[in-house]
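1. Show me how the following folds:
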Amino acid sequence: MWIWIWSAIVVVSLAVQFVLGRRLWRALRELNAELRSLRVTASHIAVELSRIGAPPATGVLSPRHGMNLATRA
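-> Predicted coordinates:
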């Protein structure tokens, strides 16, 4: 009797892991597509800014966290 309960628990847990894994994989693929699109958009903006003579950006600044905020400002 206990073997059937344990087997059911294993089967249900594997099914849940499979479904959640697929959802996570799909979300990561969508995130990568959005990042790729953002990268392309940023490169197009850089080209347009270079056409009007704007100085190129030096890079993206990292967010400032923690107690050294005043020293880095």
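2. give me the number of residues near residue 25?
-> Residue 25 has 10 neighbouring residues, counting by other Cβ atoms under 10 Å. Heads up, the C-betas are built off the backbone N, CA and C, glycines and all.
3. Please apply the same query to residue 49.
-> Neighbour tally, residue 49, other Cβ under 10 Å: 13.
4. So for it, what's the pLDDT?
-> We note a pLDDT of 80 for residue 49 in this prediction.
5. Now it, what are its backbone angles?
-> phi -70, psi -40 (degrees, to the nearest 10).
6. What separation is there between residue 30 and residue 44?
-> Using Cβ to Cβ, to the nearest Å, residue 30 is found at 21 Å from residue 44.
7. same check, this time on residue 17
-> For residue 17, the distance to residue 44 equals 41 Å [Cβ to Cβ].
8. cool, residue 53 as well?
-> Applying Cβ to Cβ to residue 53 and residue 44 gives a distance of 17 Å.
9. now do residue 5
-> Counting by Cβ to Cβ - residue 5 and residue 44 are separated by 59 Å.
10. Kindly report the same for residue 1.
-> For residue 1, the distance to residue 44 equals 65 Å [Cβ to Cβ].
11. I'd like to know how far the residue nearest the centre of the chain sits from residue 3.
-> With distances taken as Cα atoms, centre = their mean, residue 31 lies nearest the centre of the chain, 5.0 Å away. From residue 31 across to residue 3, the span is 42 Å (Cβ to Cβ).
12. Ok, residue 38 next?
-> The value you get for residue 38 to residue 3, if Cβ to Cβ is used, is 52 Å.
13. Same check on residue 18?
-> 22 Å.
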